[in-house]
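> Build me a model:
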Amino acid sequence: MRRLPFLTWLLLALPINAGVYGDLQFGDSRETITRKLSESPLVEQTIDNTYIARTGLNGIYKCKAKISGLVCQLYFNWDQHDRLIEITLRSESLNADRYKTDLKQAWSDAGALFAKVYHKPKQEAPYPDPSSFGQHKMMISHVWESDDGVTIYMGSGMDKNTCFLFVRFVPTKTDLKS
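Reported below is the predicted structural model:
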């Protein structure tokens, strides 16, 4: 929890940059995103540049700030014109036996952090019981909307014998029924 003040500052500073994450913008080309990430003080590249053509950008940048001690990596989705349409921060995977302890703490800390930045979520659900995953690998528990039309989804995931936290940014408002 010691890093929570830094993360709060970091997220509060993001709107100043007018980007989704740092200065990354929806609609940016893959080349622009690559350049911005290489210059960003928020992330560090985990592989040598010579391998990017083979791996792509997904998972090769990790966030310098941690959430409850968990390292998060960035994942991207692109439209048919290679323009950015989604950013996901995904925590490192933990053994499934840590779902009710360490991951729950990270989920709680992340929820509090995003509530400070984006205010009360439009939707908030309790922490999912592990048995509720079934065929689903990820469950959204929180939904926020930024003032500039970005929807932020947060939740937890389970895959095989591991669990993780995710935060997904998309450039559309979500129509949630009351």
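
> ok, Phe166 - contacts?
Thr88, Leu89, Arg90, Ser91, Met138, Tyr153, Met154, Gly155, Ser156, Gly157 (CB atoms under 8 Å, 6 or more residues apart in numbering). C-betas here are computed from N, CA, C, even on glycine.

> do that again at 7 Å, thanks
Going by CB atoms under 7 Å, 6 or more residues apart in numbering, Phe166 touches Thr88, Leu89, Arg90, Met138, Gly155, Gly157.

> Next, the fourth one: phi, psi?
Looking back up the chat, that one is Met138. phi -140, psi 140 (degrees, to the nearest 10).

> ok, back up a step: make a markdown table from the contacts of Phe166 and add pLDDT to it.
Listed next are those as a markdown table, based on pLDDT from 0 to 100:
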| residue | pLDDT |
| --- | --- |
| Thr88 | 96 |
| Leu89 | 95 |
| Arg90 | 96 |
| Met138 | 95 |
| Gly155 | 97 |
| Gly157 | 96 |
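
> got those residues as a markdown table, with distance to Gly149 columns?
Below are the contacts of Phe166 laid out as a markdown table (distance: CB to CB, whole Å):
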| residue | distance to Gly149 |
| --- | --- |
| Thr88 | 18 |
| Leu89 | 19 |
| Arg90 | 23 |
| Met138 | 23 |
| Gly155 | 21 |
| Gly157 | 26 |
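
> Mind checking which of these are in strands?
Members of those lying in strands (criterion: DSSP state E): Thr88, Leu89, Arg90, Met138, Gly155, Gly157.
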